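Trainee: following is a predicted model, sequence given first.
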Amino acid sequence: MEIKKVGIVGAGQMGNGIAHVFALAGYDVVVNDISQEALDKAVATITRNLDRQVSREKITAEKRDTALARITTTLQLEDLGQTDLVIEAATEREDVKNAIFERLLPHLKPDTILTSNTSSISITRLASRTDRPEKFMGFHFMNPVPVMQLVELIRGIATDEATYHTLLEVVENLGKTAASAEDFPAFIVNRILMPMINEAVYTLYEGVGSVKSIDESMKLGANHPMGPLELADFIGLDTCLAIMNVLHDGLADTKYRPCPLLTKYVEAGWLGRKTQRGFYDYRGETPVPTR
């Protein structure tokens, strides 16, 4: 199947990044969200990021303008009905994703491929709640989408070969690299990354090191570009907790138990950069560790 028009559900950090790369690659894009404010913010973010690419001479001003012209926004989920590919990029909650699919399905063309950008939830289970499990896949982009080169492709038990190869071709058209992952909790990247972040939180929780010493140790001692607690703030502590819960529940192993301190921060609403407080306080000119 040839993909020409793409629908994206969710205009947040992941959704606007996905819209950015698809529009730049020549696809027509329709972005849906429940909030006009979120849609306006997404377009502003995409414009700012495209302008940055122009200033760095990665793209021309003409390409920027053409990409922006390919993006439309809508508050109506049914407006995604005539797209060839739908990417769900809503919050990492299975009940929310299932509700979106239930509302969307009656409006889709029979051959539309349906995907989720979930970073941890079972693709087979999500697909089973739809009318097209053979045309359903995990399509997991990394954050920030315009910068990160990897896309995880996750097949559910019913996903057919045509769907997989269509998405493989799409990833190539985006100029990114695909990694095929089996449908196990958190797939590849987060199966490895999130336990490391969770262990960093345990290291803080047990008083082994401060926020600053933990992050500096991993940056200077392991050559990581970003410390694990700084990275957790960037991802969102609620997302980190959600993925750890999926790992813990799905694999039934105590080594994946979320750190109580991570849970406490989420309960406090300290979710990282998006709320201005997490393991760092971002309300001043310079981020300050909160512990």
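Mentor: Good, I have the coordinates. Numbers count the residues shown, from 1 in each chain.

Trainee: check which residues of the longest helix anywhere in the chain are buried.
Mentor: Using DSSP state H to define each element, the chain has its longest helix at helix 36-55. Within helix 36-55, the residues that count as buried by 16 or more other CB atoms under 10 Å are 38-39, 42-43, 45-46, 49-50, 53-54. Heads up, the C-betas are built off the backbone N, CA and C, glycines and all.

Trainee: which one of these is nearest to I192?
Mentor: Each of those was checked against I192 using CB to CB; the closest is N49, at 27.5 Å.

Trainee: my guess is that closest one meets V145, correct?
Mentor: No. If you go by CB atoms under 8 Å, N49 and V145 don't touch, sitting 9.5 Å apart.

Trainee: flag the shaky bits of the stretch 1-150 of the chain, pLDDT-wise.
Mentor: In the prediction, the stretch 1-150 of the chain carries no residues with pLDDT under 70.

Trainee: which helix or which strand is home to G7?
Mentor: Taking DSSP states H and E as the criterion, G7 maps to strand 5-9.

Trainee: and the contacts of that strand?
Mentor: For strand 5-9, the surrounding residues in contact (CB atoms under 8 Å, 6 or more residues apart in numbering) are 15, 18-19, 22, 27-33, 77, 79-80, 82-90, 100, 104.

Trainee: residue contacts, R64?
Mentor: By CB under 8 Å, 6+ apart, R64 lies in contact with 50-51, 53-54.

Trainee: pull out the buried residues from the helix or strand harbouring it.
Mentor: Secondary structure from DSSP H and E places R64 in helix 61-69. For helix 61-69, the neighbour count (16+ other CB under 10 Å) marks 63-64, 67 as buried.

Trainee: give the next helix or strand downstream of it.
Mentor: Immediately after helix 61-69, counting by DSSP H and E, sits strand 71-74.

Trainee: partner strands of that following strand, with direction?
Mentor: Sheet partners assigned to strand 71-74 using DSSP bridges are listed as strand 28-32 (parallel).

Trainee: quick one, the strand it pairs with and helix 61-69 angle?
Mentor: Angle of strand 28-32 versus helix 61-69, following axes from the mean of the first three to the mean of the last three CA atoms, to 10 degrees, is 50 degrees.

Trainee: what's the neighbour count on the closest residue in space to H224 that isn't next to it in sequence?
Mentor: Distances taken as CB to CB, 6 or more residues apart in numbering put M218 closest to H224, at 4.7 Å, once the chain neighbours are dropped. For M218, the count of nearby residues is 21 (other CB atoms under 10 Å).

Trainee: gap between the helix or strand where K264 lies and the chain center?
Mentor: For K264, the element it lies in under DSSP H and E is helix 260-267. For helix 260-267, the separation from the chain centroid amounts to 21 Å (computed by CA atoms, centre = their mean, to the nearest Å).

Trainee: then stretch 6-23?
Mentor: 10 Å.

Trainee: ok, stretch 241-249 next?
Mentor: That offset, for stretch 241-249, works out to 16 Å (CA atoms, centre = their mean).

Trainee: now swap in stretch 71-85 and tell me
Mentor: When distances are taken as CA atoms, centre = their mean, stretch 71-85 is centred 19 Å away from the chain's centroid.

Trainee: many thanks, I have nothing further to ask.
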